[in-house]
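Enquirer: Give me coordinates for this.
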Amino acid sequence: MTPTRPDVVVREATPEDAETVLMLVKEIAAHQAQSDSVTVTAEQWAGYLGRPDITVLLAEIDREPAGYVSSVRRLHLWSGSDIVALDDLYVRPGHRDAGVGRLLMTELARRSGGLTITWGVQPDNDAAIRFYRRLGAAVRAKVMCAWSGAAQPIQ
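Expert: Residues are numbered from 1 along each chain as shown. Below is the predicted model of the structure:
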């Protein structure tokens, strides 16, 4: 565990934290009106949290979850080196604007060993964009596309 402020502890999630991580994933999905998209189980999360390419950091205040950041280390084909693909950064209501998100991002960067961290953000999420700019992130406009191969007719 890494104490980052007297009242906040940021630590790596373990397979025993699967239920907590799933709860936080469901909260961010609900916050983004995407609850139907969450189909992962706690059992799956327990497996993910044991993988070396997946990092989930939990922020806790008095041993209660205040937020999390999740990422996957993967190969960047253009550079031929690894990058860290941030999946989610979420801070629970009541803990926002208190430095928890900054602590999670700073700890992710520290644990990433200098690798580039990339992520997406909704273009209308002005608060998040301001936050990322304050961190020093380059904010570039790019459209994300998703295509379900399962939705395509088989020929």
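
Enquirer: Partner strands of the lengthiest strand in the chain, with direction?
Expert: In the chain, with assignment by DSSP state E, the single longest strand is strand 64-76. Strand 64-76 pairs in its sheet with strand 54-61 (antiparallel), strand 81-91 (antiparallel), by DSSP bridges.

Enquirer: What sits closest to residue 144 if chain neighbours are left out?
Expert: residue 120 (5.3 Å; CB to CB, 6 or more residues apart in numbering). All C-beta atoms are positioned from the backbone trio N, CA, C, and that covers glycine.

Enquirer: Do a quick rundown of the helices in the protein.
Expert: With helices called from DSSP state H, the chain shows them at 18-31, 42-48, 100-111, 126-135.

Enquirer: would CSV of those helices with mean pLDDT and distance to residue 8 be doable?
Expert: CSV is the format used below for these (pLDDT from 0 to 100; distance: least, CB to CB, whole Å):
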stretch, mean pLDDT, distance to residue 8
helix 18-31, 97, 15
helix 42-48, 98, 23
helix 100-111, 96, 6
helix 126-135, 91, 16
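
Enquirer: Tell me which of these sits nearest to residue 57.
Expert: Comparison of the helices of the chain against residue 57 by CB to CB identifies helix 100-111 as nearest, at 5.6 Å.

Enquirer: Against which helices or strands is that closest one packed?
Expert: Applying 3 or more CB pairs under 8 Å, 6 or more residues apart in numbering; DSSP states H and E, we find helix 100-111 packed against strand 2-5, strand 8-12, strand 54-61, strand 64-76, strand 81-91, helix 126-135.

Enquirer: What's the end-to-end length of stretch 22-41?
Expert: End-to-end distance for stretch 22-41: 7 Å, by CA to CA, to the nearest Å.

Enquirer: Check which residues of it are buried.
Expert: Applying a neighbour-count criterion of 16 or more other CB atoms under 10 Å, one finds 22, 24-25, 27-29 buried in stretch 22-41.

Enquirer: Specify the stretch among the helices and strands packed on helix 100-111 that is closest to residue 114.
Expert: Using CB to CB, those put strand 81-91 closest to residue 114, at 10.1 Å.
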